[in-house]
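Just to be clear, the model below is a prediction. Sequence and coordinates:
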Amino acid sequence: MPARFGLCALAATALCTLTSCGGGRPRVLESITVDSVTSLSGTSYTATGHYSAAPMTVGGIQVAWFQTGTVVDPVSNWDYSMTRAGFKGQCPGGPAQFYVVAYAPSNPNAPASGSMPFSVFQALVEQRTVTQEDGFVAGSIKAVCATAGLRTGDPLTAGF
């Protein structure tokens, strides 16, 4: 009986090692949710990450931010710098509709700055045609400047 118990314990240990520590798939960022909070001082945005393994949902993740409507000259690679800080939306003059986009490498251990192919930046961030591409993940939220004549820094309203 003790030999059977030892064999079962060894098999259980091997299975745990393969699936969680040693041979299992690494934890990756699968999607990003962007949320907004509007106050008298403007709209702030935060990013929540959704991962493939525990902890599955993490608020305030490190991301790079981009607000659509900004003219971007094509380059071969797009440089980014990530932060844990939220993003303060800027009203480009109203009425206007735009998107606030949070993006990051899918590897949660990736460096806080780097570059991505510009074609990936266009698909994920500018055009928002995909949410995952070439090792990067993005999430966005639609924002609206509802009143004509708003200046930069005036409150924004998130649209869903």
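Arrived safely, thanks for sending.

per-residue pLDDT, the nearest residue to residue 63 once chain neighbours are set aside?
Here the nearest residue to residue 63 in space, its sequence neighbours aside, is residue 102; by Cβ to Cβ, 6 or more residues apart in numbering that works out to 4.1 Å. Backbone N, C-alpha and C define where each C-beta goes, glycine included. pLDDT for residue 102: 98.

got it, and residue 144?
So, for residue 144, pLDDT stands at 83.

Report how many residues lie close to it.
Using other Cβ atoms under 10 Å, residue 144 is surrounded by 15 other residues.

Quick check: it vs residue 96, distance?
7 Å (Cβ to Cβ, to the nearest Å).

joint contacts of those two?
Shared contacts of residue 144 and residue 96 (Cβ atoms under 8 Å, 6 or more residues apart in numbering): none.

Where does residue 120 sit: helix, strand or coil?
Three-state call for residue 120 (DSSP: H, G, I helix; E, B strand; the rest coil): helix.

Touching, it and residue 134? I think so.
Yes. Using Cβ atoms under 8 Å, residue 120 makes contact with residue 134 at a distance of 4.7 Å.

For the closest residue to residue 116 other than its chain neighbours, pull up the helix or strand it's in.
Using Cβ to Cβ, 6+ apart and skipping the chain neighbours, the partner closest in space to residue 116 is residue 78 (5.3 Å). Assigned by DSSP states H and E, residue 78 belongs to strand 77-81.

which stretches of the chain have low pLDDT?
Applying pLDDT under 70 to the chain flags the ranges 1-23, 93-94, 147-160.

my guess is the residue nearest to residue 63 meets residue 34, correct?
Yes. Using Cβ under 8 Å, residue 102 is in contact with residue 34, at 5.1 Å.
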